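Chemist: quick check, what structure comes out for this input:
(chains A, B, C and D)
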Protein chains: 2
Amino acid sequence: MSSKATIVDVARECGLSQATVARVLNGQKEIQVKEKTRKRVLSAARKIGYERNALAANFRRQKTKNIAISIADLTNPFFPELIKGVQNKIREYGYSIVQLNNEWNPKIEQDNFKYIIQSRLDGAIISPSHPRANLKILKQLPIVLLTNSNEFSGYDTIANDSKGGMNLALERLFELGHRNIALLTGGSMMTAGSSWRLQTMKNFCSNRNIPFSEDLCIKCDMSVSSLESFSQARAAMRKFLNKDTPATAIFASNDILALAALHVANEKGIKVPDELSIIGMDGILSGEISYPTLTTVEKNRSQIGSLAAKSLIEKIESPHEWQTKKIILPCKLIERSSSGPVRGKK
Amino acid sequence: MSSKATIVDVARECGLSQATVARVLNGQKEIQVKEKTRKRVLSAARKIGYERNALAANFRRQKTKNIAISIADLTNPFFPELIKGVQNKIREYGYSIVQLNNEWNPKIEQDNFKYIIQSRLDGAIISPSHPRANLKILKQLPIVLLTNSNEFSGYDTIANDSKGGMNLALERLFELGHRNIALLTGGSMMTAGSSWRLQTMKNFCSNRNIPFSEDLCIKCDMSVSSLESFSQARAAMRKFLNKDTPATAIFASNDILALAALHVANEKGIKVPDELSIIGMDGILSGEISYPTLTTVEKNRSQIGSLAAKSLIEKIESPHEWQTKKIILPCKLIERSSSGPVRGKK
DNA sequence: TAATAAAATGATAACGTTATCAAAATCAAG
DNA sequence: CTTGATTTTGATAACGTTATCATTTTATTA
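Modeler: Numbering: from 1, shown residues only, chains lettered A, B, ... in the order given. Coordinates of the predicted model:
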């Protein structure tokens, strides 16, 4: 029938107690059971087609060997590779992933958190949808946040040094002679990160004593799907390039935005990098196959995923002896063909 | 403490039976409980911070409200959008996704299937890693396969009409005057689909009475990560273009391969589409932002995901009155800038 | 108001595993 | 062979919910 064989059925079949059967089938170590009985159990289990009921086991132990990954949008090319990194790491430990998207919607995000708690998942890797995301409900749970925002002081976090990475790009542009650098970034202050980007830009400009005005800030929406983000960035870029801008270079907050800028430049016949240098951030595949290929500040997402997973599992499996850990990985500037020394404008 | 409040604690707190409390907190319909007691329960639950233990509930009902999605590789840009489609649909029904990757490894895939069974997930959406993937273990489970291979005759399947889509592209290229069309595709016969592609190509050529030889078949590996696939395809393309080939057009099995071809063409100074037309398949983001933009045979992944989810949930929730369903969605040719009429060769 | 029907609540037995402790079997040493 | 230590097995109580009844309360009707 539809109802599966249980441990009791196996016990009956082989004439041993269910305790012994359990030890053979689901016991942790190979210890404490005779080879002969082990075989007796296994053949009985195979005979009646026993499949472990993880539901019952999870319930009994109040553990699931599942962890959540909460992100905004899976179609954002940043995440799949990160998740893959997590996946590969946790497989070693026998965990699985429950994948939760929130579409940048804090309400859905909150529902997802509630789901995590109610499903008694063992832990969670969370990319907060915004800098003040409400994590209260998760306070008893081992979690690792994918952010370097200082809003999350009590939590374990892991992220790339985006600020440092941004400076890497800006310094390189300065070195190449650029003095009018535009910033293409998300406009909403709700979005994690957009305000520090503006601040980093201002700091850089004042340090280097070069001008920065609101005119050099191209705002669009990052808290939407990649496609929408791309299309909005293009619109913003068109508008920006229609004004006779002094910018000789653009730093974009992520590769999608950078590729949008590149697209518009191609469309308008502006030569990249001769007339305009463009640097993105993340290091997604699209940037490796664009024309020209995209200079970018790379974040090693697979590494982040892997480290986040490792951290989380250590935290899950030895909750004592744990102290809050903040990991910040350096970014790497990958110079491809969308950036170069400043030359004349059209 | 770490141990959470249970339904019994709530019952004690509000002086009602646990049955009544259960009815209020987890009961399906709003029926059969007085407004007054409902409030009494809810306030008690809130007071002692009760969170439903889904582990216990799932165990008792032998249902998880979780479905699996089994794919080869999440970083393949084909899948995230598909999963998003699934995600958005199942949210309506209160289900969640357990995400399983197999890295094209049948052994991992089989382990994942076992996991699905043992975790008593309610159903699964499966993209088989190869045409003879062993689904035996899943036979009692509601599943929907993402394939149009006829190897899976007893199963519900849903996929785009790839063959038809491929013909769409080939016919269009023929119409544009192309008579020497190369096929860029996966080389291994293990890979789902690569043999029918070759067959479709041969059929088309013999129908249209144009030549096709092994020389016009550029083989690389599709059963690897996108990045690797891209790089292998580039190598194959370089080799192909070094021979003085008569091809004026290339049809690639997916957009990654097509973009690799485009990349090599750009690299070699071959003008696309003037000297070489390239058409891909899938409709991924990278193809919209490449230069030139990529003509492609689009598969609506989000729609597939959504339909697969709907099908699966219907099957889960009314297992009777179900008959095997095979859905084949048409592809759509999207003509962008990488294809055009045949002209002179270099 | 009594008798009956209907609605609301209560008592309790599963679900299948793991964990704990007790009992039995085996082994080692005198 | 006994005794004691050690290994192996067995009996049984949870885990927290849902589902099935039985019971009580409330509503309806004569």
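Chemist: and the residue of the stretch 201-346 of chain A closest to DNA strand C?
Modeler: Using Cβ to the nearest atom of the strand, residue A:317 is the residue of the stretch 201-346 of chain A that sits closest to DNA strand C, at 13.3 Å. All C-beta spots, glycine's among them, are computed from the backbone N, C-alpha and C.
Chemist: what about that residue, neighbour count?
Modeler: 11 (other Cβ atoms under 10 Å in any protein chain shown).
Chemist: with the one 3 residues further on instead?
Modeler: If you count neighbours by other Cβ under 10 Å, residue A:320 ends up with 4.
Chemist: again with residue A:164
Modeler: For residue A:164, using other Cβ under 10 Å, the count is 15.
Chemist: contacting residues around it?
Modeler: A:330-331 (Cβ atoms under 8 Å, 6 or more residues apart in numbering or on different chains).
Chemist: just the pLDDT for it.
Modeler: pLDDT, residue A:164: 97.
Chemist: so it is in which element?
Modeler: helix A:162-175 (DSSP states H and E).
Chemist: quick check: buried residues in that helix?
Modeler: Buried residues in helix A:162-175, counted by 16 or more other Cβ atoms under 10 Å in any protein chain shown: A:162-163, A:165-170, A:172-174.
Chemist: quick check, nearest of those to chain B?
Modeler: Of all those, chain B sits closest to residue A:169, with 20.0 Å by Cβ to the nearest Cβ.
Chemist: residue of the stretch 151-300 of chain A nearest chain B, please.
Modeler: For the stretch 151-300 of chain A, Cβ to the nearest Cβ, closest residue to chain B: residue A:291, 3.5 Å.
Chemist: quick check, that residue in contact with residue B:290.
Modeler: Yes. Assessed by Cβ atoms under 8 Å, residue A:291 is found in contact with residue B:290 at 6.5 Å.
Chemist: please enumerate the shared neighbours of those two.
Modeler: residue B:262.
Chemist: so which of these two has more stuff around it?
Modeler: Neighbour count, other Cβ under 10 Å: between residue A:291 and residue B:290, residue B:290 has more, with 27 against 20.
Chemist: mind exporting the C-alpha coordinates of the helix holding residue A:164 to PDB?
Modeler: Taking C-alpha atoms only, helix A:162-175 is exported to PDB below (Å, rounded to 0.1, in the frame of the first residue of the first chain):
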ATOM      1  CA  SER A 162      32.600  46.300  -0.900                       C
ATOM      2  CA  LYS A 163      33.700  49.600   0.300                       C
ATOM      3  CA  GLY A 164      37.400  48.600  -0.200                       C
ATOM      4  CA  GLY A 165      36.500  47.100  -3.500                       C
ATOM      5  CA  MET A 166      34.800  50.300  -4.600                       C
ATOM      6  CA  ASN A 167      37.900  52.200  -3.600                       C
ATOM      7  CA  LEU A 168      40.000  49.800  -5.600                       C
ATOM      8  CA  ALA A 169      38.000  50.700  -8.700                       C
ATOM      9  CA  LEU A 170      38.000  54.400  -8.000                       C
ATOM     10  CA  GLU A 171      41.700  54.600  -7.300                       C
ATOM     11  CA  ARG A 172      42.400  52.700 -10.400                       C
ATOM     12  CA  LEU A 173      40.300  55.100 -12.400                       C
ATOM     13  CA  PHE A 174      42.100  58.000 -10.800                       C
ATOM     14  CA  GLU A 175      45.400  56.500 -11.700                       C
END
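Chemist: okay but residue A:151 is in contact with residue A:135, surely?
Modeler: No. Checked against Cβ under 8 Å, the pair residue A:151 and residue A:135 is beyond contact range at 10.2 Å.
Chemist: please say which of these two ends up with more neighbours.
Modeler: residue A:135 (19 against 14).
Chemist: so what's the more buried one up against?
Modeler: Residue A:135 neighbours (Cβ under 8 Å, 6+ apart): A:113, A:126, A:128, A:143, A:145, A:152, A:155.
Chemist: and it, what pLDDT?
Modeler: So residue A:135 comes in at 96 (pLDDT).
Chemist: ok, so what distance separates it from residue A:98?
Modeler: Counting by Cβ to Cβ, to the nearest Å, the separation of residue A:135 from residue A:98 is 17 Å.
Chemist: tell me the helices in the stretch 101-250 of chain A, going along the chain?
Modeler: A:106-118, A:162-175, A:194-208, A:226-242 (DSSP state H, counting those that start in this stretch).
Chemist: so where does residue A:99 fall, helix or strand?
Modeler: strand A:96-101.
Chemist: would you turn the helices of the stretch 101-250 of chain A into JSON lines with distance to DNA strand D?
Modeler: Compiled in JSON lines, the helices of the stretch 101-250 of chain A are given as follows (distance: least, Cβ to the nearest atom of the strand, whole Å):
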{"stretch": "helix A:106-118", "distance to DNA strand D": "9"}
{"stretch": "helix A:162-175", "distance to DNA strand D": "41"}
{"stretch": "helix A:194-208", "distance to DNA strand D": "41"}
{"stretch": "helix A:226-242", "distance to DNA strand D": "38"}
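Chemist: nearest to residue A:58 among the ones you listed would be which one?
Modeler: Across those, residue A:58 has its closest neighbour in helix A:106-118 (13.3 Å, Cβ to Cβ).
Chemist: list the buried residues of the closest one.
Modeler: The neighbour-count check on helix A:106-118 (16+ other Cβ under 10 Å) flags A:108-110, A:112-113, A:115-118 as buried.
Chemist: now for the residue most central in space within chain A: which residues touch it?
Modeler: The structure's chain A has its C-alpha centroid closest to residue A:79; by Cα atoms, centre = their mean the separation is 4.6 Å. Residue A:79 makes contacts with A:71, A:73, A:127, A:301, B:80, as judged by Cβ under 8 Å, 6+ apart.
Chemist: chain center to the helix or strand where the last one lies: distance?
Modeler: Following DSSP H and E, one finds residue B:80 within helix B:78-93. Taking the mean C-alpha point of helix B:78-93 and that of its whole chain, the gap between them comes to 10 Å (Cα atoms, centre = their mean, to the nearest Å).
Chemist: same question for that helix, mean pLDDT?
Modeler: 95.
Chemist: quick one: it to helix A:106-118, angle?
Modeler: Going by axes from the mean of the first three to the mean of the last three Cα atoms, to 10 degrees, helix B:78-93 is angled at 80 degrees with respect to helix A:106-118.
Chemist: can you lay out the contacts of residue A:79 as a markdown table showing distance to residue A:243 and neighbour count?
Modeler: Shown next, in a markdown table, are the contacts of residue A:79 (distance: Cβ to Cβ, whole Å; neighbours: other Cβ atoms under 10 Å in any protein chain shown):
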| residue | distance to residue A:243 | neighbour count |
| --- | --- | --- |
| A:71 | 36 | 25 |
| A:73 | 31 | 23 |
| A:127 | 35 | 22 |
| A:301 | 35 | 24 |
| B:80 | 36 | 28 |
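Chemist: now, those that are in strands?
Modeler: Members of the contacts of residue A:79 lying in strands (criterion: DSSP state E): residue A:71.
Chemist: re earlier: which two of the buried residues of helix A:162-175 have the greatest separation?
Modeler: Once Cβ to Cβ is applied, the buried residues of helix A:162-175 give A:162 and A:174 as the farthest pair, at 18.4 Å.
Chemist: ok, now which ones touch the nearest residue to residue A:258 once chain neighbours are set aside?
Modeler: Closest residue to residue A:258 apart from its sequence neighbours, by Cβ to Cβ, 6 or more residues apart in numbering or on different chains: residue A:280 at 2.8 Å. By Cβ under 8 Å, 6+ apart, residue A:280 lies in contact with A:252, A:254-259, A:287, A:294-297, A:338.
Chemist: what subset of those is buried?
Modeler: Buried among the contacts of residue A:280 by 16+ other Cβ under 10 Å: A:252, A:254-259, A:287, A:294-297, A:338.
Chemist: domains in chain A, by residue range?
Modeler: If you go by automatic domain parsing, the domain ranges for chain A are A:7-60, A:63-161+A:301-329, A:162-298.
Chemist: how about these in a markdown table, adding distance to residue B:60?
Modeler: Formatted as a markdown table, the domains of chain A follow (distance: least, Cβ to Cβ, whole Å):
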| stretch | distance to residue B:60 |
| --- | --- |
| domain A:7-60 | 8 |
| domain A:63-161+A:301-329 | 14 |
| domain A:162-298 | 39 |
